[in-house]
Each structure stands twice: as structure tokens, then as C-alpha cells.
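A.B. asks: for reference, the sequence and a predicted model appear below.
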Amino acid sequence: MGKVIVCRCEDVTLEDLRQAFAAGHRDLESLKRFTGLSTGFCQGKCCAAHAGRFLAELRGGDDMVCDPTRTRPLLHPTPAACFAAIASGEAPDQEDA
Amino acid sequence: MPARAGEPLAAALLAAGVQVFGRSLKYHRPRGPYCLQGHCSGCLMRVDGIPNVRTCQTAVRAGMVVERQRGWPSASFDAFRALDWLSGQGIDHHSMFTSSAATNRLAARFVRRLSGFGELPAGEPRPPAPVERWQRQVVVVGGGAAGLQAARELHRRGVRSTLFERQEVAGGRLLDGSDSAGGDGQGSWARLAELHRQLEGSENLELLPGTTVVAVYPGDRLQVVAVQERRTLVVEAERLLLACGDYEQVRLFEGSDLPGVFAVRAFDRLFYLHGVIPGEPVVLCGDSPRLLRLAGDLVAAGVEVAALVSGATRPPLPAGEGAFPLVPGRLPVRASGGRWIERLEIAPAPSEPADGLFDCGCLVSEYPPAPAYELAHHAGCRVDFDSACGFRVVVDDGGRTSNAAVFAAGHCTGAMSLEQALEAGRRAATGMAESLSGGSGRED
């Protein structure tokens, strides 16, 4: 058997998720922190739904998946030059959602 | 390398027969584009000295220097791929080299080198982009079916809106070739033309293509941060309508990350917009009428189609019946090949043994796209999970989210048809217009 790659950016396999789940990581945020899932270039655009399905199946329903991982700006990788001209203290207020 | 002026670099590379765009971080598996929407990491390359450039979002120019980023001696032939062969189901790095702090430090340095975090950009750093601060009543994010229809409805009600579209041409799904057909002139291209006609010259609509919204900050007034090629916009908005669509996905199975496996809309764009067939024979997997239409169009264009594999036991018959085998009741379970997909195995179910094998030059894998829920999440809107698509923005019939200033419509709220997306855009715009005028709503 070869690998089933769930997260292509960080090479996280389905087996990695199974082991993490068995080790007690039973929500997405915890799975993410343990395996590195969703922490790469795409920030989960290509793996969050797959990982959610994995959790839904093991936990017995979509309602049990609960929250996605914490979402933070930026949505897309963006050159720092786009923000370098925003003077410090002048940036938009960071408020906890 | 020859290319057509203006086409995406990734399309030009695929047309020229390039198979490996890069290597993955840990196992050095070959990587290539699969979404062609600028969302996945498959097409990243070093372009003119800048690392991690999305080649699917970069127009090709004469004299561009394009390099693969990872792998030794090269990304095309990468000796570190041996890690992948030797590691079976994976490497659990949590317990490796943890016997002492010194071993751990040494290993960390070695592993960093091995996985290749890339090289810094060459040349002078890019100068800071000027930042402009705007105030707008209504900001619409996304110029696809739902966003354009919402803008049209707002325009009809006399509400001014500012629409940010990431691509250079607004249209989203309405641009898809396989949805463009329609004997009654109601195909997606006809609808797009109609929407453009209705919105052309509208003083109520400020349409900004080539503008990517990267953040939403909630507060007394929402702040939307959008970047363009030459400037950054920080926009204070009274209302926000999210119609940011979804992300292409492919079915998950062994080897489904191989180059040559494409999401339907990615392949759609390659074929219909750019005239590129990245490999033959083509195998298609899925059940939708549009996939059958795509298969028929491929055959009509002289492309070799090995099979259409459908999970449904009785799929609708394609127009070109007999031109290619239609395999019902089967799912792809294993893709194999060195640097590109070469073979595809199918089975009655993921847990059952394979009972079919196809030579495969390219796989078109249909799978529900995942809603782009993140911007709504930035704004504190409620998000839930649905196995049919993924995480999605929760809305009521009027497109209202749990944040009173934020509305959402279309595919960021879940799976739906093109018709439903258009209708959702109209409803969200109506709901928003009513909220602005204190509930009465103004009809022109």
C-alpha cells in the first residue's frame, strides 16, 4: 500500500490522521497542530474538507466535526511589499472574531 | 519553449510537456498543478528569481526564467524520493531524534536542508505598494455567478456597490466551457454576456478585476483589505456581500496527488480556454451531465478517451454513446506512475479490491468543491460542516450570516447549481438592500 496524501503542501497522509486520532486528537485544530495538516502554502483550501470528512466518519456525523481550524488573515500568500507602506500602529484593528 | 502570449504559464508548461513542476516538502513526491485557480501549491515555481510563484496565475511572457524549486540533483529526477519509497505509510517525526537536545538540533538542521525550504528571492526587494484608504457602502467579494447577479440586483435597486474580483475577467463558473452549451441559448456564456450587458456603464457598480481580498476585520465598521498588482486597498464598508466561491478538490485515494490528476474545472479551463490536453488517453471519473458533455467534446476534438468511470450504477448516457467505454458503479482507488499518472485502478468501493485497470495519460477527477468560508470566518460569521462539500458559511434565505453587516451567497455557502447560485445572489442583494433602507427596500 502506498500513501494517501490528504494535505499535499505538508505531505500529511491519511495514516498520519488515523494515528493522530488514535492518540486523542479528535478535533481539527488539534489534528492540525499534531500533524501539520492545513499549515502549508494553501492553508487548508485543499485538505480541510477532506479532513472534516475523515472526522465526521470517525466521530459519527457532520455535527460532530464542530469548528474549522482558526482562520487568520491572510487568505492568500501575499508579498510583504503589499503591506510595507502601512505604518506601524496604523494597521487595521485586530479583533478576535 | 514556445507559448501563446497571455496564457497562464502553467498551461504553457503543460502544453510543452512539462510534467513535474516541483517536489513535495517531506517525501519529495512529484507535484504538478491540479486546481489551476491559484489555490493549491502544485504549480509553484521560481520565476525570474522570485520563489513560490503560482504559475497558473501568471501570464507567460517572452524571456521568462522559470525554475523548479526543490529536489536533488533536480526536481525532475530527485534522489530524495527514496524517502517516500522507504517510509511506507509515513514518517512520524514526533519521536525522531528526541533522545537529546543536541541530536535534536543537529537533526532539525539536516531535515530543514533535506526538505528544502527554498532560496530567498534574487535581486532588489520589491518597493512597498502604495496603500489607499477607501470608504464604501457595499463591498461585494467575488465576481462569479452569485456576485455578478447580486451586483445586478443592487444596481436595479439603486444601491451603489464595489465588486472585487480576483481574476482579470469576472465570470467565475459562468466562464466554464462545459456549462456553456445550452440549446435554448441559456448556457453560462450567454448568461454572462447578458449580465455584462446589464451592468455595462452602470454608475452604481464599481467593478475591480485583478483585486484579491485577503482579509476582513470585524468591528463597528468592517475593514476589507484587498491587494492589486500595484496598490493595496483598505476599505471601510457598511455592508459586505461574500460571493467568493469555492476551491476545486479531487477525490482522495492512493496516488491521487500525482501530477496529471486534475480537478474538473481545471481541466475544463485547459481544454476549452487554452486548447491544452496535458496527456492521453484521458480517463474521467464522476457522474455529472457536464462531465459527460466534456467527454463528448473531447472525443469530438479527436482526443483519446480511455473511459468514463462513474460511481453511479446507472449514469445518464452520454451523447456520443459508444465513442468510449462507460464504466458504471466503480470508483478510482489507486493511481500509479513515476513522475506523472500512468495507470488507474478502479474498484466497486474504496474498501474492495481493484477489478479494473486503465492506461491513463491524464485523469479528470470530479469531486465536490470546498466552499471558501475563510473570509466569513474572519468576520466572525457562523460556519458549519457538511460532508457534501466541506465547511460553509451559514446563511438564511436572504443571505444573512450571523454578523448583521455580512451577507453571503453562492458556492461559499455550500454545493448548488449555477441557477441556484444566481438566485442566491439576487436574494442576498435584496436582503442587503432591505437592511440598508431599514426594512422597506426600494424598488425602481
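C.D. replies: Structure received. Numbers count the residues shown, from 1 in each chain, chains lettered A, B, ... in the order given.
A.B. asks: residue boundaries of the helices in the chain?
C.D. replies: Using chain A here. Using DSSP state H, the helices of chain A run over A:14-22, A:28-35, A:48-59.
A.B. asks: hmm, I had chain B in mind actually
C.D. replies: According to DSSP H, the helices that chain B contains are B:9-15, B:82-86, B:101-115, B:145-156, B:188-199, B:264-268, B:289-300, B:374-378, B:418-436.
A.B. asks: and residue B:312, how many residues sit next to it?
C.D. replies: Using other CB atoms under 10 Å in any protein chain shown, residue B:312 has 12 other residues around it. C-beta here means a position set from N, CA and C on the backbone, and glycine is covered the same way.
A.B. asks: which pLDDT value goes with it?
C.D. replies: As predicted, residue B:312 sits at a pLDDT of 81.
A.B. asks: the one 3 residues further on too?
C.D. replies: With respect to pLDDT, residue B:315 scores 61.
A.B. asks: quick revisit: out of the helices of chain A, flag the one nearest residue B:227.
C.D. replies: Closest to residue B:227 of the helices of chain A, according to CB to CB: helix A:48-59, at 23.0 Å.
A.B. asks: which strands or helices does that closest one pack on?
C.D. replies: strand A:5-7, helix A:14-22, helix A:28-35, strand B:390-393 (3 or more CB pairs under 8 Å, 6 or more residues apart in numbering or on different chains; DSSP states H and E).
A.B. asks: now it: buried residues?
C.D. replies: A:48-56 (16 or more other CB atoms under 10 Å in any protein chain shown).
A.B. asks: with distance to residue B:436 and pLDDT added, can I get the residues you listed in CSV?
C.D. replies: As requested, the buried residues of helix A:48-59 are exported to CSV (distance: CB to CB, whole Å; pLDDT from 0 to 100):
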residue, distance to residue B:436, pLDDT
A:48, 33, 97
A:49, 34, 97
A:50, 39, 97
A:51, 38, 97
A:52, 35, 97
A:53, 38, 96
A:54, 42, 96
A:55, 39, 96
A:56, 38, 95
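A.B. asks: got the helices and strands packed on helix A:48-59 as TSV, with mean neighbour count, mean pLDDT and distance to residue B:139 columns?
C.D. replies: Formatted as TSV, the helices and strands packed on helix A:48-59 follow (neighbours: other CB atoms under 10 Å in any protein chain shown; pLDDT from 0 to 100; distance: least, CB to CB, whole Å):
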stretch	mean neighbour count	mean pLDDT	distance to residue B:139
strand A:5-7	28	97	32
helix A:14-22	19	97	37
helix A:28-35	20	96	29
strand B:390-393	28	98	16
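A.B. asks: so where's the chain shaky on pLDDT?
C.D. replies: No chain in the question, so chain A it is. Low-confidence segments of chain A (pLDDT under 70): A:88-97.
A.B. asks: hmm, no, I was thinking of chain B.
C.D. replies: B:112-118, B:182-185, B:314-322, B:439-444.
A.B. asks: one more time with 50, if that's ok
C.D. replies: B:183, B:319, B:440-444 (pLDDT under 50).
A.B. asks: farthest residue from the center of it?
C.D. replies: Within chain B, residue B:100 marks the point farthest from the mean C-alpha position, 43.6 Å out by CA atoms, centre = their mean.
A.B. asks: chain A now?
C.D. replies: Outermost residue of chain A (CA atoms, centre = their mean): residue A:87, 30.1 Å.
A.B. asks: who touches residue B:237 in this structure?
C.D. replies: B:135-139, B:162, B:221-224, B:405 (CB atoms under 8 Å, 6 or more residues apart in numbering or on different chains).
A.B. asks: grab the nearest non-local neighbour of it.
C.D. replies: Leaving out its chain neighbours, the residue that sits closest to residue B:237 by CB to CB, 6 or more residues apart in numbering or on different chains is residue B:139, at 4.2 Å.
A.B. asks: who does that neighbour bridge with?
C.D. replies: Note on residue B:139: beta-bridge partners by DSSP bridges are residue B:162, residue B:240.
A.B. asks: domain-wise, how is chain B divided?
C.D. replies: B:9-115, B:131-247+B:386-436, B:261-365 (automatic domain parsing).
A.B. asks: tell me the most buried of those domains?
C.D. replies: domain B:131-247+B:386-436 (a mean of 21; mean count of other CB atoms under 10 Å in any protein chain shown).
A.B. asks: so how far is the first residue of it from its last?
C.D. replies: One end of domain B:131-247+B:386-436 sits 28 Å from the other (CA to CA, to the nearest Å).
A.B. asks: the residue in the stretch 151-300 of chain B positioned nearest to chain A: what's it in contact with?
C.D. replies: Of all residues in the stretch 151-300 of chain B, the one sitting closest to chain A is residue B:215 (3.3 Å; CB to the nearest CB). By CB under 8 Å, 6+ apart, the contact set of residue B:215 is A:73-75, A:92, B:224-225, B:375, B:378.
A.B. asks: quick revisit: make JSON lines out of the helices of chain A and add distance to residue B:304.
C.D. replies: As requested, the helices of chain A are exported to JSON lines (distance: least, CB to CB, whole Å):
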{"stretch": "helix A:14-22", "distance to residue B:304": "32"}
{"stretch": "helix A:28-35", "distance to residue B:304": "40"}
{"stretch": "helix A:48-59", "distance to residue B:304": "30"}
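A.B. asks: circling back to that earlier point, run through the residues that contact the residue nearest to residue B:237.
C.D. replies: B:161-164, B:222, B:224, B:235, B:237, B:239-241.
A.B. asks: can you do 7 Å?
C.D. replies: B:162, B:164, B:224, B:235, B:237, B:240 (CB atoms under 7 Å, 6 or more residues apart in numbering or on different chains).
A.B. asks: follow-up on the earlier one: and residue B:50, which of the helices and strands packed on helix A:48-59 is closest to it?
C.D. replies: Going by CB to CB, the one of the helices and strands packed on helix A:48-59 nearest residue B:50 is strand A:5-7, 24.5 Å.
A.B. asks: do the closest one and chain B meet?
C.D. replies: Yes. On the criterion CB under 7 Å from any CB of the partner chain, strand A:5-7 is in touch with chain B at A:5-6.
A.B. asks: now do the same contact list for the residue lying closest to residue A:64 once chain neighbours are set aside.
C.D. replies: Nearest residue to residue A:64 in three dimensions, chain neighbours excluded: residue A:56, at 6.6 Å (CB to CB, 6+ apart). Neighbouring residues of residue A:56 by CB under 7 Å, 6+ apart: A:62, A:64-65, B:385, B:387.
A.B. asks: one more time with 6 Å, if that's ok
C.D. replies: Shown in contact with residue A:56 (CB atoms under 6 Å, 6 or more residues apart in numbering or on different chains): A:62, A:65, B:387.
A.B. asks: now flag whichever of the residues you listed is closest to residue A:9.
C.D. replies: Using CB to CB, these come closest to residue A:9 at residue A:65, 21.1 Å.
A.B. asks: which bits of the stretch 251-400 of chain B sit near chain A?
C.D. replies: B:252, B:254, B:257, B:370, B:374, B:377, B:380, B:385-387, B:390-391 (CB under 6 Å from any CB of the partner chain).
A.B. asks: CSV for those residues, including distance to residue B:306?
C.D. replies: Shown next, in CSV, are these (distance: CB to CB, whole Å):
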residue, distance to residue B:306
B:252, 21
B:254, 19
B:257, 21
B:370, 28
B:374, 37
B:377, 41
B:380, 48
B:385, 35
B:386, 33
B:387, 30
B:390, 30
B:391, 35
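A.B. asks: closest one of the residues you listed to chain A?
C.D. replies: Among these, and counting by CB to the nearest CB, the member closest to chain A is residue B:390, at 2.8 Å.
A.B. asks: is the closest one in contact with residue A:47, as I believe?
C.D. replies: No. The pair residue B:390 / residue A:47 is not scored as a contact, 9.9 Å apart, by CB atoms under 6 Å.
A.B. asks: between the two ends of stretch B:120-133, what distance do you get?
C.D. replies: Note: stretch B:120-133 ends 31 Å apart using CA to CA.
A.B. asks: next: stretch B:405-421.
C.D. replies: Termini of stretch B:405-421 sit 21 Å apart (CA to CA).
A.B. asks: ok, stretch B:41-60 next?
C.D. replies: 19 Å.
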